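**Student:** Here is my input, please return the structure:
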Amino acid sequence: MKLGELKKSLSRPLIITLLVVSAVVLCTSGVLALFTNGGFEDGDLTGWTKGMYLNPGLTLPQPFIGASIVRNPGPIIYGINTYMPRDLTAVVGNPSATPLSLTDTNTTGGSAPPLRYPYAGHYSARINSDAGNHFNANSLVQSCVTTLADVQWDGKIHVQFAWAAVVQNPVQEYHPPEDMPYTYVVMTNVTKNTTLYEKFIFANDTSAPWLNAPGIIQYTYWQVIDRGFDPGVVDVGDNIQIECIAAGCGQSGHWGYLYVDGFGSTPPIPPDPTLTVTTGDPSGVSCTSATLNGTLAATGNLQCNCFDVYFEYGNTPGNLDQETSHQTICRGDSLTFTTPLSLMPCMTYYARAVAVCSQTANFANNNEVGNPLPGTTPVYGKEVAFNTMFCCTSKTSSGGGSGGWELTSTRPYLPPMFDIPRATVSATRTSPGEQVEVNATVTNKGGSNGTTRIILYVNGQEADSKGIALASGQSTPVSFKVSRNDPGTYQVHVNSVPAGSFTVDLFNSNDILIYASVALFSIGLIGLLYYLNKRRTAA
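**Tutor:** Model (predicted):
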């Protein structure tokens, strides 16, 4: 065999083997980037290209599309003033920010809750700003090449992101639609020269989900986009481009800007929304009063901004027939709430915190994601027990029996009360059939010994349970082992306490080692055969 032919025979299986191994590594790594810095979590615009121009007005007719945009590089002379484009695009947020923890102050004061950001993580990008009048327009662009890692469970390549718009509405100044501030988001398949997603809205656009703030401000909540593309529409290796634009009006005096976040092939925040309500221990308990305490934890893509919260209480466990006054608290505010309560001495009380979504906000019901708007079903915290019995002691009647209660300083029996402050999973990525350990600590914070049942839930379904007995003040660790065969992400709770999630990958690390070993063995074998053949030929 000639040396050139041998190189060809060796290179083909080697290249194929390396491609297979690379594909396996991509599929098992869980790194589904798609866009570089798509969530802006680098704290800057790394991977993105900024643009700026002036908006002299859109070209007709309607409906407006990308071709309607006029990108004037400047200058524009307007009266005695000369205007040039300005770069006003920036990353907004900070390292300690959490989703929807910051408020866009231009959107406050109206009948609807304000727009909050970032959509996910610590940062979002804002294109243009409220200083972007005088025709100013900014753009943000990025292209990426799809890979096997972007193919989701349904066999389609997905692109997911979110946007929210804020504009001034100069309708009272008689601006025609083509001169209104506008925002524009477009996704194209550059390889196939096709438009995959396009959304053009302008101030006072009746087709847009505008909300109104005082003055002339209009804004939207986060529009969450998830587009899955069939093979042939988007294929592995296609070049996908995103462009986002925000522009002030075409008559100089009004601005418009656009928030964007979460560009990628997987959801940027947990796909399963969760609202957890915790009933805290009552504080300041006296013979005639106490303060009830509750906390909300809203996680995942929970499409609710504000909550109606209150407490149910009564003297019979499981039958809490009284309610406290209601309060409204919103995400971004403190999610801890308290209510003072008047009590009767010599009584045992039971109470639990309750929360109901009262304002569906900041996530639009645009039917482009699988997460529905929340309903009005209350979410309950666990019942806690407390009493004013420490004020009282048993009083003996003249006949020798109990004569009721009288006030004293003696502290009597208190019921058991079990608490799980935290739960964890031992691994976040596993292989089919591989076990994950779930750990929690249970504490009896009540005044007497007791027993309880600890339940493990996986994706909301009971998977296992254990009964425990604890003395007052005692704690004990509880652990479960769980495995799943089907690839996917599984949410884990111990009772009502979230423990996190684990993802079952299609392949495991052993598979990769096997493929790599087979490839290396094949290469070595071919090399050996070549060497032996060369020696025999030389002899």
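**Student:** helix, strand or coil for Asn37?
**Tutor:** coil (DSSP: H, G, I helix; E, B strand; the rest coil).
**Student:** Could you check the pLDDT of the nearest residue to it once chain neighbours are set aside?
**Tutor:** Excluding its sequence neighbours, the residue lying closest to Asn37 (C-beta to C-beta, 6 or more residues apart in numbering) is Gly47, at 4.2 Å. In this view, the C-beta of every residue, glycine as well, is placed from N, C-alpha and C. We have a pLDDT of 95 for Gly47.
**Student:** what do you get for Thr410?
**Tutor:** On the pLDDT scale, Thr410 is placed at 38.
**Student:** again, but for Asn485
**Tutor:** 91.
**Student:** ok, it - how many residues close by?
**Tutor:** When neighbours are counted by other C-beta atoms under 10 Å, Asn485 registers 9.
**Student:** again with the one 10 residues further on
**Tutor:** Using other C-beta under 10 Å, the number of residues around Asn495 comes to 19.
**Student:** Quick check on it: phi, psi?
**Tutor:** phi 50, psi -120 (degrees, to the nearest 10).
**Student:** Do I have it right that it meets Ile454?
**Tutor:** Yes. Counting by C-beta atoms under 8 Å, Asn495 does reach Ile454; the two are 6.3 Å apart.
**Student:** list residues touching both of the two?
**Tutor:** Shared contacts of Asn495 and Ile454 (C-beta atoms under 8 Å, 6 or more residues apart in numbering): Ile420.
**Student:** State the helix or strand in which Ile526 lies.
**Tutor:** Assigned by DSSP states H and E, Ile526 belongs to helix 509-538.
**Student:** and that helix, what does it pack onto?
**Tutor:** Other elements packing on helix 509-538 under the criterion 3 or more C-beta pairs under 8 Å, 6 or more residues apart in numbering; DSSP states H and E are helix 3-29.
**Student:** Tell me the helix or strand right after the helix it packs on.
**Tutor:** Following helix 3-29 in sequence order, the next helix or strand is strand 49-54 (DSSP H and E).
**Student:** Mind checking the pLDDT average for the helix or strand harbouring Pro498?
**Tutor:** In this structure, Pro498 sits in strand 497-504 according to DSSP H and E. On average, the pLDDT along strand 497-504 is 92.
**Student:** tell me which residues in that strand are buried?
**Tutor:** Judged by neighbour count using 16 or more other C-beta atoms under 10 Å, the buried positions of strand 497-504 are 497-502, 504.
**Student:** First-to-last residue distance for stretch 440-456?
**Tutor:** With C-alpha to C-alpha, to the nearest Å applied, stretch 440-456 spans 10 Å between its terminal residues.
**Student:** now what about the host helix or strand of Tyr490, what contacts it?
**Tutor:** Secondary structure from DSSP H and E places Tyr490 in strand 488-494. Here strand 488-494 makes contact (C-beta under 8 Å, 6+ apart) with 153, 270-272, 274, 420, 423, 425, 438, 440, 454-460, 478, 480, 482, 484, 498-504.
**Student:** redo that, cut-off 6 Å
**Tutor:** Under the contact criterion C-beta atoms under 6 Å, 6 or more residues apart in numbering, strand 488-494 has outside partners 272, 420, 423, 425, 438, 440, 457-459, 484, 499, 501-504.
**Student:** Which positions within that strand qualify as buried?
**Tutor:** Neighbour counts over strand 488-494 (16+ other C-beta under 10 Å) mark 489-494 as buried.
**Student:** Over to stretch 130-141?
**Tutor:** Neighbour-count burial for stretch 130-141 [16+ other C-beta under 10 Å]: 130, 132-140.
**Student:** Make TSV out of the buried residues of strand 488-494 and add pLDDT and distance to Lys192.
**Tutor:** Below are the buried residues of strand 488-494 laid out as TSV (pLDDT from 0 to 100; distance: C-beta to C-beta, whole Å):
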residue	pLDDT	distance to Lys192
Thr489	92	31
Tyr490	94	36
Gln491	93	37
Val492	94	41
His493	94	44
Val494	93	48
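**Student:** Out of these, which comes closest to Arg352?
**Tutor:** Checking those against Arg352 with C-beta to C-beta, the nearest one is His493 at 17.7 Å.
**Student:** any idea how far the closest residue in space to Asn169 that isn't next to it in sequence lies from Tyr219?
**Tutor:** Residue nearest to Asn169 in three dimensions, not counting chain neighbours: Ala203, with 4.2 Å by C-beta to C-beta, 6+ apart. Applying C-beta to C-beta, to the nearest Å, the value for Ala203 to Tyr219 is 11 Å.
**Student:** With neighbour numbers in mind, choose between the two.
**Tutor:** The neighbour comparison of Ala203 against Tyr219 (other C-beta under 10 Å) goes to Ala203, with 25 against 22.
**Student:** Show me the buried residues of stretch 130-141 that map onto strands.
**Tutor:** If you go by DSSP state E, those have 136-140 in strands.
**Student:** Let's have these in JSON lines, adding distance to Leu343.
**Tutor:** Output for those, formatted as JSON lines (distance: C-beta to C-beta, whole Å):
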{"residue": "Asn136", "distance to Leu343": "61"}
{"residue": "Ala137", "distance to Leu343": "63"}
{"residue": "Asn138", "distance to Leu343": "60"}
{"residue": "Ser139", "distance to Leu343": "62"}
{"residue": "Leu140", "distance to Leu343": "58"}
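**Student:** Could you find which two of these are furthest from each other?
**Tutor:** Asn136 and Leu140 (14.2 Å).
**Student:** how near is Val425 to Ser475?
**Tutor:** Val425 is 20 Å from Ser475, by C-beta to C-beta.
**Student:** In terms of neighbours, single out the busier of these two.
**Tutor:** Set Val425 next to Ser475 and count neighbours by other C-beta under 10 Å: Val425 wins out with 20 against 12.
**Student:** What pLDDT is listed against the more buried one?
**Tutor:** For Val425, the predicted pLDDT is 94.
**Student:** quick one, what contacts it?
**Tutor:** Taking C-beta under 6 Å, 6+ apart, one finds 436, 438, 492, 499-500, 502 in contact with Val425.
**Student:** next one: Thr82
**Tutor:** Shown in contact with Thr82 (C-beta under 6 Å, 6+ apart): Pro75.
**Student:** The helix or strand hosting it pairs with which strands, parallel or anti?
**Tutor:** Using DSSP H and E, Thr82 sits in strand 81-83. The pairing partners recorded for strand 81-83 under DSSP bridges are strand 76-78 (antiparallel).
**Student:** part of a helix, is Gln172?
**Tutor:** Yes. Gln172: assigned to a helix according to three-state DSSP.
**Student:** Quick check: it vs Val186, distance?
**Tutor:** On the measure of C-beta to C-beta, Gln172 and Val186 end up 30 Å apart.
**Student:** and the two? which has more neighbours close in?
**Tutor:** Neighbours per residue, other C-beta under 10 Å: of Gln172 and Val186, the larger number sits with Val186, 18 against 8.
**Student:** and the more buried one, helix, strand or coil?
**Tutor:** Following three-state DSSP, the label given to Val186 is strand.
**Student:** May I have the residues that are in contact with it?
**Tutor:** 66, 198, 243.
**Student:** partners of the second one in the sheet?
**Tutor:** Think Glu198. Partner residues in beta bridges with Glu198, using DSSP bridges, are Val186.
**Student:** okay, the buried residues of strand 488-494 in CSV with distance to Thr336 next?
**Tutor:** Output for those, formatted as CSV (distance: C-beta to C-beta, whole Å):
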residue, distance to Thr336
Thr489, 30
Tyr490, 30
Gln491, 24
Val492, 25
His493, 21
Val494, 22
